[in-house]
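Participant: Here is the input, now give the coordinates:
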Amino acid sequence: MNIKRINPATLQLKDQVVAINRVTKVVKGGKNMSFAALVVIGDPDEGVVGFATGKAREVPVAIKKGIEAAKKKLARVVRYNNTIPHRVLGRFGASQVLLKPATEGTGVIAGGAVRTVLQAAGIHNVVSKSLGTNNPHNVVRATLVALSMLRERTKRAETPGTSAN
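Facilitator: Numbering: from 1, shown residues only. The predicted structure is shown next:
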């Protein structure tokens with residue numbers, strides 16, 4: 001994924017926690033509890049989105065670390081009239097996310113992690129289908145792969161079947 005450095009100070013970023021995972025490490029003295037938080041941040045007005053995980057002994061600290069790490073990995077998303085320009089299939093690991101443009105008023109028809117990423121990116125009308133695993137980490141990454149594959153809409157020829165020279 002081609003990520004250009006975007007200055008987070010100029011954006012109005014909104015963060016959303018996608019998943020919190022409790023991890024227990026068994027050591028000689030007992031069990032060490034830790035938390036991993038998957039966080040998605042974005043500016044819907046600018047079409048910028050990013051994600052990261054933060055790990056710490058307490059949930060709020062893990063979320064804060066995730067937000068700070070996500071600010072370093074922001075990417076701009078191509079949009080077209082509050083939707084996406086074309087169909088796209090993003091794959092990461094065993095997860096696949098299919099995104100299709102939708103007409104005005106459709107809303108975001110997506111579940112869980114995909115919905116969070118699309119709303120953070122400022123896409124208001126889209127239909128999606130998540131295929132394969134429902135692991136939140138892989139679904140978020142597959143969604144971002146799909147969004148990075150989007151290209152600007154080009155002007156088509158006036159009559160169908162003719163080439164636009």
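
Participant: three-state assignment of residue 68?
Facilitator: At residue 68 the chain is in helix, as set by DSSP: H, G, I helix; E, B strand; the rest coil.

Participant: If I look at the closest residue to it other than its chain neighbours, what pLDDT would I see?
Facilitator: Leaving aside its sequence neighbours, residue 68 sits nearest to residue 54 (CB to CB, 6 or more residues apart in numbering; 7.4 Å). Just so you know, the C-beta spots here come from the backbone N, C-alpha and C atoms, and that holds for glycine as well. Note for residue 54: predicted pLDDT of 96.

Participant: Surely residue 54 touches residue 36?
Facilitator: Yes. In this structure, residue 54 is within contact of residue 36 by CB atoms under 8 Å, at 7.3 Å.

Participant: Please identify every residue contacting each of these two.
Facilitator: Each of residue 62 lies in contact with both residue 54 and residue 36 under the rule CB atoms under 8 Å, 6 or more residues apart in numbering.

Participant: which of those two has more neighbours?
Facilitator: residue 54 (22 against 18; other CB atoms under 10 Å).

Participant: Output the below-cut-off pLDDT ranges for this protein.
Facilitator: Where the chain drops to pLDDT under 70, the residues are 1-4, 155-165.
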